[in-house]
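**Student:** No sequence on hand, only this structure:
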Ligand code: KG4
Ligand code: ZN
């Protein structure tokens, strides 16, 4: 019998709903929220309101795209955290209502595990890793290296003590006057600049811990000094600045990933989260592929940023174990992996 799972993602500023059937995605529909760009970051209150507006039309579009009706669903899965509480509540309440109305199981999904499990989606555009593998999850909210032994067994090996990698891109972009989120624009400009043009302080963190706030301060002080001498410094050097900043962030990520691979003797390497779309990171990984004999798993772009498909595939695996939530389940802004 087919297992058909609805996945609802609403942890940050994307309302995304997907339908998975036996590991294949039938639909993955996302409503982005443009409203935050003018504020230079996600405004939680506005995000929750936009989720409320978007969630029903997004569900309708997903069902239409998949060509199925609500009655054909086996279960409904939703993100219960981590994320913005007001945003999570919209998806959580919606999922509970659907589960109750349709009399189908409710499945709670951890957003960070879901980013990783997106690698198990059956899609001709991406390969599925064998276990165990290491996953570098890099997004606007998180930076983690995780050892994945199975869909049900993941171990956090290292994470950031302050800013996330995506935040480092976004904050550096903000200092340079780029619109939010700056990651994609820095990536685009980096291709036109010299990554060795400027050097910024590298954090000295023990073991597999990350830190990005020092880099932000180093960029800020450097630019303040340069702008005093030449007010057009940023404008005149924007591409080189982007290339150098990207080079620094990617360098920090790669050093730790290499260390994790050595320490744990695992050379199957996957990446996940919004920053995994970064071309500098992908190039650096490709280099290690030949020099360190890594087997690389790069997710399809559709499954890198926040998406309902990763929630639906996580729901699929929980369904196999009959791991269901009851209606008293609550969303939480913080949630361990
Ligand atoms: O996973 P995601 O969509 O949402 C979170 O859960 O945070 O990640 C969004 C983050 C933002 O910080 C954005 O600037 C960054 O991913 N990002 C990128 C690129 N595309 C998105 N950063 C660098 N290069 C990119 N190409
Ligand atoms: Zn995310």
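**Tutor:** Thanks, I have it. These figures come from a predicted structure and were not determined experimentally. Ligands and ions are numbered 1, 2, ... in the order given.

**Student:** List, one by one, the residues from the stretch 151-300 of the chain near ligand 1.
**Tutor:** Contact residues of the stretch 151-300 of the chain with respect to ligand 1, defined by CB under 6 Å from any ligand atom, are listed as 166, 169-170, 181-184, 187, 273-275, 277-278. Just so you know, the C-beta spots here come from the backbone N, C-alpha and C atoms, and that holds for glycine as well.

**Student:** now those in TSV, with distance to ligand 2?
**Tutor:** Output for these, formatted as TSV (distance: CB to the ion, whole Å):
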residue	distance to ligand 2
166	9
169	14
170	14
181	12
182	17
183	13
184	15
187	17
273	6
274	7
275	10
277	12
278	15
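
**Student:** Please convert the buried members of those residues into PyMOL selection syntax.
**Tutor:** In PyMOL, the members of those classed as buried (16 or more other CB atoms under 10 Å) are selected with the following command:
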select buried, resi 166+169+170+181+182+183+184+187+273+274+275+277+278
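
**Student:** which bits of the stretch 201-337 of the chain sit near ligand 2?
**Tutor:** Within the stretch 201-337 of the chain, the positions near ligand 2 by CB under 5 Å from the ion are residue 306.

**Student:** hey, where'd the helices end up in the stretch 201-337 of the chain?
**Tutor:** Remark: helices assigned in the stretch 201-337 of the chain by DSSP state H, counting those that start in this stretch are 213-229, 233-264, 279-291, 308-320.

**Student:** Of those, flag the one that's most buried.
**Tutor:** Highest mean neighbour count of the helices of the stretch 201-337 of the chain: helix 308-320, a mean of 27 (counted as mean count of other CB atoms under 10 Å).

**Student:** who does that one touch, helix- and strand-wise?
**Tutor:** Contacts defined by 3 or more CB pairs under 8 Å, 6 or more residues apart in numbering; DSSP states H and E place helix 308-320 against strand 4-9, strand 14-21, strand 24-32, strand 75-81, strand 106-110, helix 111-117.

**Student:** So what's the gap between that helix and the chain middle?
**Tutor:** What separates the centre of helix 308-320 from the centre of its chain is 16 Å, taken as CA atoms, centre = their mean, to the nearest Å.

**Student:** Also stretch 264-278?
**Tutor:** How far stretch 264-278 lies from its chain's middle: 11 Å, per CA atoms, centre = their mean.

**Student:** Can you give me the end-to-end span of that stretch?
**Tutor:** Terminal residues of stretch 264-278 lie 25 Å apart, using CA to CA, to the nearest Å.

**Student:** Give me the pLDDT for the residue lying closest to residue 46 once chain neighbours are set aside.
**Tutor:** Taking CB to CB, 6 or more residues apart in numbering as the measure, residue 46 lies nearest to residue 35, with 5.4 Å between them; neighbours along the chain are not counted. What the model reports for residue 35 is a pLDDT of 76.

**Student:** And residue 3, by the same measure?
**Tutor:** At residue 3, the pLDDT recorded in the model is 98.

**Student:** give me the number of residues near the closest residue to it other than its chain neighbours?
**Tutor:** With sequence-adjacent residues excluded and distances taken as CB to CB, 6+ apart, residue 3 is closest to residue 74, at 5.1 Å. Residue 74 is flanked by 18 other residues according to other CB atoms under 10 Å.

**Student:** Give me the distance between residue 231 and residue 286.
**Tutor:** Residue 231 sits 39 Å away from residue 286 when distances are taken as CB to CB, to the nearest Å.

**Student:** again with residue 75
**Tutor:** Distance of residue 75 to residue 286, computed by CB to CB: 38 Å.

**Student:** Break this protein down into its domains, please.
**Tutor:** 4-120+303-320, 133-298 (automatic domain parsing).

**Student:** What is the neighbour count of the closest residue to ligand 2 within the stretch 101-250 of the chain?
**Tutor:** With CB to the ion as the measure, the residue in the stretch 101-250 of the chain that lies nearest ligand 2 is residue 139; the distance is 4.3 Å. Residue neighbour count, defined by other CB under 10 Å, stands at 24 for residue 139.

**Student:** same check, this time on residue 299
**Tutor:** Neighbours of residue 299 under the rule other CB under 10 Å: 25.

**Student:** One more: residue 300?
**Tutor:** If we define neighbours as other CB under 10 Å, then residue 300 has 15 of them.

**Student:** got the contact list for it?
**Tutor:** Each residue near residue 300 by CB atoms under 8 Å, 6 or more residues apart in numbering is listed here: 121, 123, 125-126.

**Student:** And the spatially most central residue of the chain, how close does it get to residue 250?
**Tutor:** Central residue of the chain (CA atoms, centre = their mean): residue 273, 2.3 Å from the mean position. Relative to residue 250, residue 273 is positioned 14 Å away (CB to CB).

**Student:** Burial check on the nearest residue to residue 220 once chain neighbours are set aside, number of neighbours?
**Tutor:** For residue 220, the nearest residue in space outside its immediate sequence neighbours is residue 175; the separation is 5.6 Å by CB to CB, 6+ apart. Other residues within reach of residue 175, judged by other CB under 10 Å, total 17.

**Student:** ok, now residue 60?
**Tutor:** Neighbouring residues of residue 60 were enumerated by other CB under 10 Å; the total is 12.
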